[in-house]
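Asker: Everything below, folded, please.
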Amino acid sequence: MRFIGYLFLPLLFLLPQTALSEGPPRFSIDDYEHDFGRVSQGTTVTHKFKFKNGGEGHLIIQRTVAACGCTVASLEQDAFTAGESGELEVKFDTTGFSGEKVKTVRVYTNDPDQRSFVLSLRGTIEPDVVVEPRRVFFGDVVSGEGGSRDVSIKIRDGASARIQNVQLHSNHFDLQEIESGDKHRLMRVVLRPDVSPGEIRERIVIGLRGDKRQSVNIPLYASVKGALQMSPTTLSFGVIEGESVLSRRVRINNLGRDDFEISDIAARHQAITVKKTVIEEGKIVDLEVSLDPLTVEGELRTGVEITTNHPDQKRLSLSVYGTKPPVTR
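Answerer: The predicted model follows:
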């Protein structure tokens with residue numbers, strides 16, 4: 001080992017002194033974030049982040065990774081000697097964005113103290129087309145009642161975009177125009193009262209001209225419920241044990257304008273019996289569902305059919321479940 005050391009020692013004197021004393025590179029920048037203020041939608045924001053190699057060794061920008069496809073980072077060179085300055089250009093295409101936004105680029109270097117860091121662009125994007133509300137949400141609506149919501153479409157002052165047309169192809173909604181123009185429209189979206197229960201998801205399409213975007217979509221949503229609301233709609237007796245009769249309660253609420261009555265209740269299994277109690281005439285009915293464990297074997301999967309005089313909901317179905325464990329001897 002001593003012999004190898006003697007051979008290696010002269011090699012140290014052959015190395016340049018700068019190689020022996022050179023320190024690490026240092027990425028030096030005044031500001032990691034740029035605020036671009038307020039810009040019009042569709043503007044490409046460009047900013048050059050100026051930095052310097054404040055260390056002694058060569059600074060290498062190994063790679064840059066933008067957080068989304070709308071942001072691009074570029075460098076004219078990726079290696080910088082001691083004291084050398086550089087610029088990292090970041091571009092953000094604001095097409096399709098609105099409101100306050102922050103876009104970032106992660107930079108990787110050979111600086112031992114900053115292996116990676118984030119540069120960001122921050123600002124507010126003013127849309128050319130302002131839609132209020134951006135989504136038309138009717139929420140839960142009782143079948144037969146319908147409803148309406150007003151929608152405003154405005155073109156920002158100074159924007160080149162114009163409203164060309166407004167389209168809604170629907171069997172559930174109607175569109176009424178209150179105010180018309182190529183820079184402003186006020187419309188009323190009407191949910192038809194004859195819509196069947198279920199979830200409705202549709203959209204209004206605003207055709208544009210003179211803008212990068214050809215159209216703007218306004219989502220429409222409504223959850224139409226039947227007037228007769230049964231809670232719960234599924235009844236579980238869980239593990240059926242013992243010999244005593246088990247009971248559960250179910251309530252039927254009438255949220256509609258028309259009163260209702262229950263004309264018949266039919267259980268599909270002999271273990272089930274149902275007793276009806278009118279809480280409020282035409283509006284609220286309670287059902288006491290009882291189960292006789294002695295007439296159940298194994299798994300119980302059955303139901304109760306309820307017949308009413310309601311014009312839209314002649315029949316309601318209640319699912320009933322339970323499990324009787326096997327007898328051990």
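Asker: hang on, residue 313 packs against residue 230?
Answerer: No: contact between residue 313 and residue 230 fails when scored by C-beta atoms under 8 Å: they sit 9.7 Å apart. From N, CA and C alone the C-beta is placed, and that goes for glycine too.
Asker: joint contacts of the two?
Answerer: Contact with both residue 313 and residue 230 is made by no residue, according to C-beta atoms under 8 Å, 6 or more residues apart in numbering.
Asker: Run through the bridge partners of residue 285.
Answerer: On the basis of DSSP bridges, residue 285 is bridged to residue 252, residue 278.
Asker: dump the residue contacts of it.
Answerer: Per C-beta under 8 Å, 6+ apart, neighbours of residue 285: 251-252, 262, 276-279.
Asker: What's the local residue count around residue 314?
Answerer: Residue 314 has 11 neighbours, counted by other C-beta atoms under 10 Å.
Asker: all helices for the protein, in order.
Answerer: Remark: helices assigned in the chain by DSSP state H are 2-14, 17-21.
Asker: Now do the contacts for the nearest residue to residue 230 once chain neighbours are set aside.
Answerer: Closest residue to residue 230 apart from its sequence neighbours, by C-beta to C-beta, 6 or more residues apart in numbering: residue 252 at 5.0 Å. Contact analysis of residue 252 by C-beta under 8 Å, 6+ apart lists 228-230, 262, 284-287, 306, 316.
Asker: Kindly state the pLDDT recorded for residue 252?
Answerer: What the model reports for residue 252 is a pLDDT of 96.
Asker: cool, and the one 5 residues further on?
Answerer: Taken from the predicted model, the pLDDT recorded for residue 257 is 84.
Asker: repeat for residue 276
Answerer: On the pLDDT scale, residue 276 gets 95.
Asker: that older thread, hey, least reliable of the helices of the chain by pLDDT?
Answerer: helix 2-14 (a mean of 43).
Asker: ok, now how distant is residue 174 from residue 193?
Answerer: 11 Å (C-beta to C-beta, to the nearest Å).
Asker: cool, and residue 126?
Answerer: With C-beta to C-beta as the criterion, residue 126 and residue 193 are 39 Å apart.
Asker: More neighbours: these two, which one.
Answerer: Neighbours per residue (other C-beta under 10 Å) separate residue 126 from residue 193, with residue 126 holding more: 16 against 13.
Asker: I'd say that one and residue 38 touch.
Answerer: Yes: if you go by C-beta under 8 Å, residue 126 and residue 38 touch, sitting 5.9 Å apart.
Asker: what sits against the nearest residue to residue 83 once chain neighbours are set aside?
Answerer: Distance criterion C-beta to C-beta, 6+ apart; nearest residue to residue 83, sequence neighbours excluded, is residue 53 at 6.4 Å. Residue 53 makes contacts with 25-28, 59, 80-86, as judged by C-beta under 8 Å, 6+ apart.
Asker: do the same with residue 35
Answerer: Taking C-beta under 8 Å, 6+ apart, one finds 122-123 in contact with residue 35.
Asker: Residue 63 versus that one, what's the distance?
Answerer: Distance from residue 35 to residue 63, by C-beta to C-beta: 26 Å.
Asker: just to revisit the earlier point, select from the contacts of residue 285 the one having the most neighbours.
Answerer: residue 252 (22 neighbours).
Asker: Name the helix or strand of this structure that has the lowest mean pLDDT.
Answerer: Here the helix or strand of the chain ranked lowest by mean pLDDT, DSSP states H and E is helix 2-14, holding a mean of 43.
Asker: ok, residue 37 touching residue 122?
Answerer: No: with contact defined as C-beta under 8 Å, residue 37 does not reach residue 122; the gap is 9.3 Å.
Asker: okay, those two: which has more neighbours?
Answerer: Neighbour comparison, residue 37 and residue 122: the larger count goes to residue 122, with 16 against 9 (by other C-beta under 10 Å).
Asker: Give the bridge partners for that one, please.
Answerer: Here residue 122, judged by DSSP bridges, has bridge partners residue 35, residue 102.
Asker: residues contacting it?
Answerer: So residue 122 contacts 33-36, 100-103 (C-beta under 8 Å, 6+ apart).
Asker: at 10 Å instead, please
Answerer: With contact taken as C-beta atoms under 10 Å, 6 or more residues apart in numbering, residue 122 is in contact with 33-37, 45, 92, 100-104.
Asker: Equivalent analysis for residue 169, please.
Answerer: Here residue 169 is in contact with 175, 202-205 (criterion: C-beta under 10 Å, 6+ apart).
Asker: Quick one: which of those is the most crowded by neighbours?
Answerer: residue 204 (22 neighbours).
Asker: Not counting its neighbours along the chain, what's nearest that one?
Answerer: Using C-beta to C-beta, 6+ apart and skipping residues adjacent in sequence, the residue nearest residue 204 is residue 218, 4.1 Å away.
Asker: Sounds good, over and out.
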